[in-house]
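> Need the 3D shape of this:
(chains A and B)
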Amino acid sequence: MSLLSVRDLSVKFAMRDNTVTALNQISFDLAKGERLGIVGESGAGKSITGFALMNLLSRPGFIDSGKIMFLGDDIVQMPEAKMRNIRGNKMAMIFQDPMVTLNPVLTIGQQMVETLMAHRKLSKAEAEQIAIVKLREVYIPSPEDRLEQYPHELSGGMRQRIVIAIALLLDPQLIIADEPTTALDVTIQADIMELLLELCQSNKVGLILITHDLGVVSQMTERTLVMYAGRIIEAGRTREIINDPQHPYTQGLINALPQQTKPGQRLKQIPGSMPSLTAIPKGCPFSPRCEFVKDRCHTEAPETVQYANVEVACHEVNRLHTDKAEEIKA
Amino acid sequence: MSSLSTPTEPSRWSRVWNSNIGYSFRRNPVAIVSLMIFLLIAIMSIFAPLIAPFDPYDLGQIDIMNSEYPPLWVDGSDAQFILGTDDQGRDLWSTILYGTRLSLLIGICAVVLQAFLGISIGLIAGYVGGRTDSLLMRLADIQLSFSTLMVAIIFLAVTQAMFGSETFNQYAIYFLIAVIGVAEWPQYARTVRATVLAEKKKEYVDSARVLGFGPGRIMVRHILPNSLSPIFVISTVQVANAIISEASLSFLGLGMPPSQPSLGSLISSGFDYIFSGSWWITAIPGIVLVVLVLVINLLGDWLRDALNPKLYKG
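Prediction:
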């Protein structure tokens, strides 16, 4: 049985006189202990996906249709009280900026004990013991002293470790990490990612890693979804997607990496920018920026098809390949 | 190695003393003097039964023959009565001590009631938002469009007429606390709501929701402690306001009865004698009232500056 199974999930935002679609019929599965990456530009709907999984979209966003099956129950239909028991307990979330995700006026210990006691019948002393064990798991030195400290007394990397420890407190089955290292500096990023990977592997925790960093995705995850304008445009094993992307957008993303460019060359960026949600072009949303665009792309939305080991939503997948083949021949 | 000694855990008091607030307090002579005067008045009024030479509530100690003695430094005074006596022959010094006690008690209790109502309503309005917010804030607007004194006068006049003045006088202190408390809650509600609106957008609130905490816990345990500084600031101003409201109502004869005078009713009772030369019955409690309100306001001003991150100096 898969841990999480999302089917045709649509999220909309109610605007003054119409609704805009932020997520358009996305579907994906996550097996127990599997690590999944979600990549895309800003505004592609990555974070919205994370919040939708928690059923915590704040107004004016709402889940319009679709199913989110988590451990056999549909989260979309679940009453709030039951959902509250899943949040933090079975499913945890890690946010981008550890400077602001911890409550500034409560000590680390208070925040951890409160989380534990909200979900389990424990005495304060027992809760503190668990907190110390978890802090040790994320390699916090002298965890007993940390419990007494306030967030502002700790460094950014330390705080993100504590955030991870809080996420792991109740041994969740799934962790949603929304750009967990974007706010940290590069050396600490690597440490935190390594820690997250290690903890997910040793505790058999499922991970959904939301990021725009393809390098991180390739190290951390087994499968990857590429999102664009609220749609999943390509999905498959991370290795396949990184090495042999099929969708022109994914190819563009990978070509735009600085490593793909020789010194002195300009970065190969994708022309244009992501359409605003209120003005998603008809047909294929990527068509205005696509170099392989055909007439059909402007009118017909592409179906998701299986192609060369990945699922991809593009009319021109075959065409791309023949083009490439010709290039190589020539 | 041995030179690295672990620093001893600082005590709570020294942590407060060395904090930003402690520092700004130490550098502000106005705040120091205000706090000292306030503490002096507060301590003297708390220990009024020990300090006061007479018990102004004990009719047995009052002799009408002693009425209208002037204070010591005026000719014709009686050495027993440092600040003179009022029209009923009560020792003014003792009566002021007891009166200040009542004024402070009513002021603080009324503010506690205001704060309770205002903070709960403001938290709910700000956190829940939408229609609840509009409804509660319109209620606050309606409440604010009546002046506090007008509401209080109508309410107290009606209750006085309803219960008769004897029962009213007996429970006057509770009526005063209730009416001043209820009339001023919108001040708190508006301030708290504004802070909550800013705080609830912060990520620690998202992460609390993600951890499965319910709205009640998030409001009380996470948002409220982060919204405390404006609450402290308006509380000081509101205590001063409540003391003034109480004094005004008592002055108008709608507050504490002459048998248990607060500062306001003392001023009022002396007012009839001011033209016959007994100025001290009004003037001395008046000065106490002004000083009390002034030091509270000065403390409030200092606290506002100290807690305002935009005004940090250095």
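> Can you tell me the SS state at residue A:306?
Assigned with DSSP: H, G, I helix; E, B strand; the rest coil, residue A:306 falls in the strand class.
> no wait, residue A:66
Criterion first, three-state DSSP; result for residue A:66: strand.
> Next: residue A:96.
Applying three-state DSSP: residue A:96 is coil.
> residues contacting it?
With contacts taken as Cβ atoms under 8 Å, 6 or more residues apart in numbering or on different chains, residue A:96 has the following neighbours: A:178-180, A:182-183, B:203. Placement of C-beta: from N, CA and C, glycine included.
> rerun at 7 Å
By Cβ atoms under 7 Å, 6 or more residues apart in numbering or on different chains, the contact list for residue A:96 reads A:178-180, A:182-183.
> which one is it nearest to, not counting chain neighbours?
Taking Cβ to Cβ, 6 or more residues apart in numbering or on different chains, and ignoring the residues beside it in sequence, residue A:96 has residue A:179 as its nearest neighbour in space, at 4.5 Å.
> Pretty sure the one you found sits against residue A:208.
No - Residue A:179 is beyond contact range of residue A:208, at 11.7 Å (criterion: Cβ atoms under 7 Å).
> more neighbours, these two?
With other Cβ atoms under 10 Å in any protein chain shown as the criterion, residue A:179 and residue A:208 differ in neighbour count, and residue A:208 comes out ahead with 25 against 19.
> Next SSE downstream of the helix or strand containing the more buried one?
Using DSSP states H and E, residue A:208 sits within strand A:206-211. Heading C-terminal from strand A:206-211, the first helix or strand you meet, by DSSP H and E, is helix A:214-220.
> now for that next one, which elements pack on it?
strand A:35-39, helix A:186-203, strand A:206-211, helix A:238-243 (3 or more Cβ pairs under 7 Å, 6 or more residues apart in numbering or on different chains; DSSP states H and E).
> which residues touch the residue nearest to residue A:96?
A:96, A:210-211.
> Could you do residue A:2 as well?
Listed by Cβ under 7 Å, 6+ apart, the contact partners of residue A:2 are A:29-31.
> Pretty sure it sits in a helix.
No - following the definition three-state DSSP, residue A:2 is coil and is not counted among the residues of a helix.
> What pLDDT is listed against it?
According to the predicted model, the pLDDT of residue A:2 comes to 84.
> how close does it sit to residue A:31?
Spatial separation of residue A:2 from residue A:31 under the definition Cβ to Cβ, to the nearest Å is 5 Å.
> Check residue A:305 too.
From residue A:305 to residue A:31 the distance is 23 Å (Cβ to Cβ).
> now residue B:126, nearest residue through space, not along the chain?
The shortest distance from residue B:126 to any residue other than its chain neighbours is 3.0 Å, reached at residue B:196 (Cβ to Cβ, 6+ apart).
> Helix or strand: which one has that neighbour?
Assigned by DSSP H and E, residue B:196 falls within helix B:185-199.
> Pull the residues that contact that helix.
Outside helix B:185-199, the residues that reach it (Cβ under 7 Å, 6+ apart) are B:114-115, B:117-119, B:121-123, B:125-127, B:137, B:140, B:143-144, B:205, B:223, B:226-227, B:230-231, B:234, B:238.
> Against which helices or strands is the strand or helix carrying residue B:204 packed?
Residue B:204 is part of helix B:203-210, with elements assigned from DSSP H and E. Using 3+ Cβ pairs under 7 Å, 6+ apart as the contact criterion, the secondary-structure elements in contact with helix B:203-210 are helix A:98-101.
> What helices and strands are in contact with the helix it packs on?
For helix A:98-101, the elements it packs on are helix A:156-168, helix B:203-210, judged by 3+ Cβ pairs under 7 Å, 6+ apart.
> ok, back up a step: state the mean pLDDT of the strand holding residue A:208.
Regarding strand A:206-211, the rounded mean pLDDT is 92.
> could you dump the contacts of residue A:179 to TSV with distance to residue B:211?
As requested, these are exported to TSV (distance: Cβ to Cβ, whole Å):
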residue	distance to residue B:211
A:96	16
A:210	18
A:211	22
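> Am I right that residue A:25 sits in a strand?
Yes - under the criterion used here (three-state DSSP), residue A:25 sits inside a strand.
> residues in contact with residue B:298?
Contacts for residue B:298 were tallied using Cβ under 7 Å, 6+ apart; they are B:30, B:34.
> same check, this time on residue B:206
Listed by Cβ under 7 Å, 6+ apart, the contact partners of residue B:206 are residue A:95.
> any idea of the pLDDT on it?
What the model reports for residue B:206 is a pLDDT of 87.
> just residue B:6 next, same as before
Model confidence at residue B:6, given as pLDDT, is 54.
> And residue B:298, by the same measure?
On the pLDDT scale, residue B:298 gets 92.
> next one: residue B:312
In this model, residue B:312 carries a pLDDT of 49.
> hang on, the earlier thing: which ones among the contacts of residue A:96 lie within strands?
The subset of those located in strands under the criterion DSSP state E comprises residue A:178.
> For the stretch 201-314 of chain B, which residues are neighbours of chain A?
Within the stretch 201-314 of chain B, the positions near chain A by Cβ under 7 Å from any Cβ of the partner chain are B:202-204, B:206-207, B:209-214, B:222, B:225-226.
> Mark which of those residues are buried, thanks.
If you count burial by 16 or more other Cβ atoms under 10 Å in any protein chain shown, the buried members of these come out as B:202-204, B:206-207, B:209-213, B:222, B:226.
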